[in-house]
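[1] kindly return the folded structure for what I paste below:
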Amino acid sequence: MKKSLITSAIAAIAITVTSCGGNSSTTASATDSTATATDSVAAIAQLTTPDLTFAEVKGNVKTVANTDPQYGESHIFEFDAEGNLIKCSTYENAKYKRDSEGQIIAIDVYDEEFAYIWENARPSVNTINEPDGTTLTYQFEYDSNGALIKTTGTSDGPDGVSTWTETYTYGPDSFDDHGNWISRTVYNSDINQTVTATRKITYY
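    Numbering: from 1, shown residues only. Next comes the predicted model:
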């Protein structure tokens, strides 16, 4: 199945790392996903914007580099000093449309458009219209810490309608000095596998 941009790119390492690493019988509750960040870091006022939220980071982030082992793709996201997304290495020629609050509501990539609906300051629905007439719809659910815990996908096209669900369980996590996770254990129900995801973050 085709992944939405948020699950295959913007939040790739957070939720779709599934095909490398070993199996594990130990998982933690999704509500524990960011519970181990230090109190001192949590107390520091840090830059937040819709684009930083989109990539699940906070602070004066310059780049986020991660790898999606399931699809063999690497992604590097670049932000300006105000926290606006200025480049995604996977979709370098993408055009972003935003609402009055600065939230990304559409990304034009090649001959496709990824349209987003936001709720509670996070993307909740992503719709993709394929050239062959197929419409892909993804619905996202998050835990209290903002980690994606469930994706429900629907494909409606020439071959009929199909629906699938993936759930994600996190922990343990490791954090940098800014409170952003840099190592995360993720269990994906779709392939019944647990792996450890890592990402490198640079700051201004």
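
[2] scan the protein for its longest strand.
    Longest strand in the chain by number of residues, with DSSP state E as the criterion: strand 160-175.

[3] hey, C-alpha coordinates of the next helix or strand after it in PDB?
    Next along the chain after strand 160-175, taking DSSP states H and E as the criterion, comes strand 181-188. The C-alpha coordinates for strand 181-188 follow below in PDB (Å, rounded to 0.1, in the frame of the first residue of the first chain):
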ATOM      1  CA  TRP A 181      13.800  12.100  21.000                       C
ATOM      2  CA  ILE A 182      16.800  10.800  19.200                       C
ATOM      3  CA  SER A 183      16.300   7.100  19.800                       C
ATOM      4  CA  ARG A 184      12.900   5.400  19.900                       C
ATOM      5  CA  THR A 185      11.700   1.800  20.100                       C
ATOM      6  CA  VAL A 186       8.600   1.400  17.900                       C
ATOM      7  CA  TYR A 187       6.300  -1.600  17.600                       C
ATOM      8  CA  ASN A 188       4.200  -1.700  14.400                       C
END
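
[4] residues of the helix or strand following strand 181-188 that come out buried?
    With elements assigned by DSSP H and E, the helix or strand that comes after strand 181-188 is strand 193-203. Across strand 193-203, burial judged by 16 or more other Cβ atoms under 10 Å covers 193-197, 199, 201. No exception for glycine: its C-beta is placed from N, CA and C like everyone else's.

[5] do stretch 143-163 as well
    Within stretch 143-163, the residues scored as buried using 16+ other Cβ under 10 Å are 143, 145, 147-151, 153, 155.
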